[in-house]
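S.K.: sequence first, predicted coordinates after that:
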Amino acid sequence: MLAYHPDSDANQVLNILDSECRGVVQGIERVVLEFKWRLLGRPDEALARALARLLDDGLLRPVGGLLRLTALGYARLTSPEVDVLSTAAAPDPAVALTPTEYGVREKLLAVFRARGVGPGGRLSVSELSRCWEVARYRATDLRSGLELLMRDGHAKLGRFGQTQVRLENDGHQYLSGLPAPTWMARESVALAAENLCRQSLPDQVLCILAARKFHDASGREQERSLYELDYLLERYELPDFARFHACELLHRLGYAELLAEGPALRLTNSGRALVLLAETSNVVQWSVQQALKALEPKVATA
């Protein structure tokens, strides 16, 4: 990081502009600056103060939805007398690892979250691409990530003058849920083309199938580890990505809670109500059966 400004927050903004502006004339999209700021873990209030300071100092000027350097600001960033505050951090070795479905889904939905997109709301693919770029994520993962969201029914693509991604209700519920603990996230399957081409099941169906597995043959409720749930869900011949997604959804949507003593789960009252609904509602039973029949290859019935 370079020392462009005595105020630390204003200096952070100028460093972001220095690294992320596509050109001095074009500047940076304000929404992209906000996304990068939040990605760094900085509060929105600090950004507002920093921008006000830079505008007052005559270093920035707003032009529509862009923030551009003034001639004074450009001179500040190109001065040969700027001090170095810190060197760039070493690359994270984990970046080179094969990305997981869970990790890429989280990154994509984080953009929707940062932009405050609600159910049915839209983001342009160009805006998603720009945020992906400033986050330094792998470019190839963006297309795969969009295919992942569409496969799971979390988003749809459409054209409204430009290609846009619409956040579906299931996608918004997922976005608003609890993140997986580290031990669970590590079990996610790799992001692979062969899985992205396969059909998945609606989130509610996956939750019902997984929630039922907390009861043994006699109907007694038990605690289950992630690995037990995965094993028990194999009877439906679900692909491995769907089995993990089912288990993770139970926790994320509040149908199961974590046990403090280890990597295991138990049903919550919401989870018990879901099981009861699946046992008593003919409509729910029919929808589960139809979803399972629609899978290719054919799977065992519930």
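M.R.: Here it is on my side, so go on.

S.K.: per-residue pLDDT, the residue located most distally from the centre of the chain?
M.R.: Largest separation from the mean C-alpha position in the chain: E81, at 40.5 Å (CA atoms, centre = their mean). On the pLDDT scale, E81 is placed at 82.

S.K.: show me the residue at the heart of this protein, geometrically.
M.R.: E106 (2.2 Å).

S.K.: so what's that one up against?
M.R.: P179 (CB atoms under 8 Å, 6 or more residues apart in numbering). The C-beta positions use only the backbone N, C-alpha and C, and glycine is treated the same way.

S.K.: a helix runs through it, doesn't it?
M.R.: Yes. Counting by DSSP: H, G, I helix; E, B strand; the rest coil, E106 is found in a helix.

S.K.: and the gap between the closest residue to S188 other than its chain neighbours and I16?
M.R.: Take S188 and drop its neighbours on the chain: the residue closest to it by CB to CB, 6 or more residues apart in numbering is Y102, 3.5 Å away. As judged by CB to CB, to the nearest Å, Y102 and I16 stand 28 Å apart.

S.K.: sorry, back to before: Y4 versus the residue farthest from the centre of the chain, what's the distance?
M.R.: 11 Å.

S.K.: which parts of stretch 43-55 are buried?
M.R.: Buried positions in stretch 43-55, judged by neighbour count with 16 or more other CB atoms under 10 Å: L47, A50, L51, R53, L54.

S.K.: where does G27 land on pLDDT?
M.R.: 85.

S.K.: what lines up beside the lowest-mean-pLDDT helix or strand in the chain in the sheet?
M.R.: Sorting the helices and strands of the chain by mean pLDDT, DSSP states H and E puts strand 83-84 at the bottom, at a mean of 86. According to DSSP bridges, strand 83-84 forms sheet pairs with strand 2-3 (antiparallel).

S.K.: quick one: the residue nearest to S188 is in a strand?
M.R.: No. The assignment for Y102 by three-state DSSP gives helix, which leaves it out of any strand.

S.K.: and for it, the neighbour number?
M.R.: 22 (other CB atoms under 10 Å).

S.K.: again, but for the one 10 residues further on
M.R.: Residue crowding around F112 was assessed by other CB under 10 Å; the count is 23.

S.K.: measure it to L191 for me?
M.R.: F112 is 18 Å from L191, by CB to CB.

S.K.: again with A246
M.R.: A246 is 18 Å from L191, by CB to CB.

S.K.: and the helix or strand hosting V288, what's buried?
M.R.: Following DSSP states H and E, one finds V288 within helix 282-294. Within helix 282-294, the residues that count as buried by 16+ other CB under 10 Å are V284, S287, V288, A291, L292.
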